[in-house]
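>>> from the sequence below, what's the structure:
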Amino acid sequence: MRFALIGAGAIGTVHARLIEALGNEAELVAVVDQDLDRAGKLVEQYGGQAFSSPADAFAAASVDAVSICLPSALHADLAIEALQAGKHVIVEKPVDITLAAADRLIEAARSTGLTMSVISQRRFQPPVAQIRAAIDSGALGRVTSGISESAFFRPQSYYDGDDWRGTLAIDGGGALMNQGIHALDLLVWMLGRPVQVSAQTGMLAHSGIEVEDLAGATILFESGAIGLLLASTAAYPGRPVRLTIHGDQGTAVLDDDELAYFASASAAAPEASVLEGPADWGPVELAHLAQYRDFIAAVRSGRAPAVSLEAGRRSLATVLAVYESARLGRPVELEEN
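Numbering: from 1, shown residues only. As a prediction, the model looks like this:
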């Protein structure tokens, strides 16, 4: 499958590396960036041609799919442009920063009939898949609660290094929208549809930004289950993602990319899968690669990808509900589109 990469920054470089690692499954044929020199440097390393606009890339190169690696607020518009040009699309998280943008994108994907997916690579990690399989099989019984912890650290230089980081207009949010959304996505995937959020946010350890570096929330789910959320970029030196799922018949804990604890009244832990990829890659990188393989398989078979636009919208809606609850100082109800 021939990919055009839109965005030659740090995340774009990650995606170029992923496409290269797919070998015969994928080829990078175009890199698009307003900074042609930056695009050219990525081309020198990973191949393809450099372009300054998607339209130029689509006109000059034979492109099957587009990978969008731009600042968050630009995701939907560029994805819609790619869909309308007849290209399948995989877009980095979050799907965008507003529900209106997400809904426009969902409508464009439906009207074109093309394949579209949102990066949520942690869903593909073997221990995460084990926990989800345990839920689906009933090994945990009725799921009653979950805890999502993203206790990360970002120095002030992280926000100072790009003029869009830490801005409401482009970044859309901080520790939760940009970092904690991965673990939040897992919590929502495990517990189902969120219906109410009560939250607080703060900016405690950074300056010159418009967004939170700390968010905490209680989330009520349609099933009655309760989720607890912590997302931070102010927790030195930073800890790996930790996810705990409790049921009335068992408990499972993901910590440091491993199934750290599993107990069930009726079953052993589901068997773990093994992800293929370079031997020196870590578990999150291999999961990222697995999502690309799922996307390609979905395009070729005509099936839906494992991570849908609707799933990306649900996670975004939960993030935005956290922000609204913190702003209003009261619980906020969520409604599905």
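>>> do a quick rundown of the strands in the stretch 151-300 of the chain.
194-202, 214-221, 226-232, 242-247, 250-255, 258-264 (DSSP state E, counting those that start in this stretch).
>>> run me through the strand neighbours of the first one, direction for each.
Sheet pairing here is set by DSSP bridges, and for strand 194-202 it gives strand 214-221 (antiparallel), strand 332-333 (antiparallel).
>>> follow-up on the earlier one: and residue 63, which of the strands of the stretch 151-300 of the chain is closest to it?
When those are compared by Cβ to Cβ, strand 226-232 sits nearest residue 63, at 35.2 Å. To be clear about C-beta, it is placed using only N, CA and C from the backbone, and glycine gets the same treatment.
>>> pull out the CA atoms of the closest one and give them to me as CSV.
Extracted in CSV, the C-alpha atoms of strand 226-232 (Å, rounded to 0.1, in the frame of the first residue of the first chain):
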residue,chain,number,x,y,z
ILE,A,226,-17.2,3.9,37.8
GLY,A,227,-13.9,5.0,36.4
LEU,A,228,-11.2,7.1,38.0
LEU,A,229,-8.8,9.1,35.8
LEU,A,230,-5.5,10.8,36.4
ALA,A,231,-3.5,12.5,33.6
SER,A,232,-0.5,14.5,34.3
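>>> show me the contact partners of it.
144-153, 175-176, 179-181, 183-184, 187-188, 191, 194, 199, 213-221, 322 (Cβ atoms under 8 Å, 6 or more residues apart in numbering).
>>> before we move on, the earlier item: quick one: closest of the strands of the stretch 151-300 of the chain to residue 127.
strand 258-264 (3.9 Å).
>>> packing partners for the closest one?
Helices and strands touching strand 258-264, by 3 or more Cβ pairs under 8 Å, 6 or more residues apart in numbering; DSSP states H and E, are helix 126-137, strand 250-255.
>>> please, which helix or strand holds residue 39?
Using DSSP states H and E, residue 39 sits within helix 36-46.
>>> secondary structure element for residue 324?
Counting by DSSP H and E, residue 324 is part of helix 309-328.
>>> output that helix as PDB, nothing but the C-alphas.
In PDB, the C-alpha atoms belonging to helix 309-328 read as follows (Å, rounded to 0.1, in the frame of the first residue of the first chain):
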ATOM      1  CA  LEU A 309     -13.800   7.000  14.000                       C
ATOM      2  CA  GLU A 310     -16.700   6.600  16.300                       C
ATOM      3  CA  ALA A 311     -14.300   5.100  19.000                       C
ATOM      4  CA  GLY A 312     -12.100   8.100  18.500                       C
ATOM      5  CA  ARG A 313     -15.000  10.500  18.900                       C
ATOM      6  CA  ARG A 314     -16.100   8.800  22.100                       C
ATOM      7  CA  SER A 315     -12.700   9.200  23.700                       C
ATOM      8  CA  LEU A 316     -12.600  12.900  22.500                       C
ATOM      9  CA  ALA A 317     -16.100  13.500  23.900                       C
ATOM     10  CA  THR A 318     -14.900  12.200  27.300                       C
ATOM     11  CA  VAL A 319     -11.900  14.400  27.300                       C
ATOM     12  CA  LEU A 320     -14.000  17.500  26.500                       C
ATOM     13  CA  ALA A 321     -16.500  16.500  29.200                       C
ATOM     14  CA  VAL A 322     -13.600  16.500  31.700                       C
ATOM     15  CA  TYR A 323     -12.700  20.000  30.600                       C
ATOM     16  CA  GLU A 324     -16.300  21.200  30.800                       C
ATOM     17  CA  SER A 325     -16.900  19.700  34.200                       C
ATOM     18  CA  ALA A 326     -13.700  21.300  35.500                       C
ATOM     19  CA  ARG A 327     -14.600  24.700  34.000                       C
ATOM     20  CA  LEU A 328     -18.200  24.600  35.300                       C
END
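>>> how far off centre is it?
The chain centroid and the centroid of helix 309-328 are separated by 13 Å, computed with Cα atoms, centre = their mean, to the nearest Å.
>>> now stretch 90-100
Counting by Cα atoms, centre = their mean, stretch 90-100 comes out at 9 Å from the chain centroid.
>>> what does stretch 274-294 give?
15 Å.
>>> export it to PDB, keeping only CA atoms.
Output of stretch 274-294 as PDB, limited to C-alpha atoms (Å, rounded to 0.1, in the frame of the first residue of the first chain):
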ATOM      1  CA  VAL A 274       3.000 -12.000  20.200                       C
ATOM      2  CA  LEU A 275       3.500  -8.900  18.000                       C
ATOM      3  CA  GLU A 276       5.800  -9.100  15.000                       C
ATOM      4  CA  GLY A 277       8.300  -6.400  14.300                       C
ATOM      5  CA  PRO A 278      12.000  -5.300  14.800                       C
ATOM      6  CA  ALA A 279      13.600  -7.100  17.700                       C
ATOM      7  CA  ASP A 280      14.800  -3.800  19.200                       C
ATOM      8  CA  TRP A 281      11.400  -2.200  19.300                       C
ATOM      9  CA  GLY A 282       9.500  -1.700  22.500                       C
ATOM     10  CA  PRO A 283       5.900  -2.900  23.200                       C
ATOM     11  CA  VAL A 284       4.300   0.400  22.300                       C
ATOM     12  CA  GLU A 285       6.200   0.700  19.000                       C
ATOM     13  CA  LEU A 286       5.200  -2.900  18.100                       C
ATOM     14  CA  ALA A 287       1.600  -2.100  19.000                       C
ATOM     15  CA  HIS A 288       1.800   1.000  16.700                       C
ATOM     16  CA  LEU A 289       3.000  -1.300  13.900                       C
ATOM     17  CA  ALA A 290       0.200  -3.800  14.700                       C
ATOM     18  CA  GLN A 291      -2.400  -1.000  14.200                       C
ATOM     19  CA  TYR A 292      -0.900  -0.100  10.800                       C
ATOM     20  CA  ARG A 293      -1.200  -3.800   9.800                       C
ATOM     21  CA  ASP A 294      -4.900  -3.800  11.000                       C
END
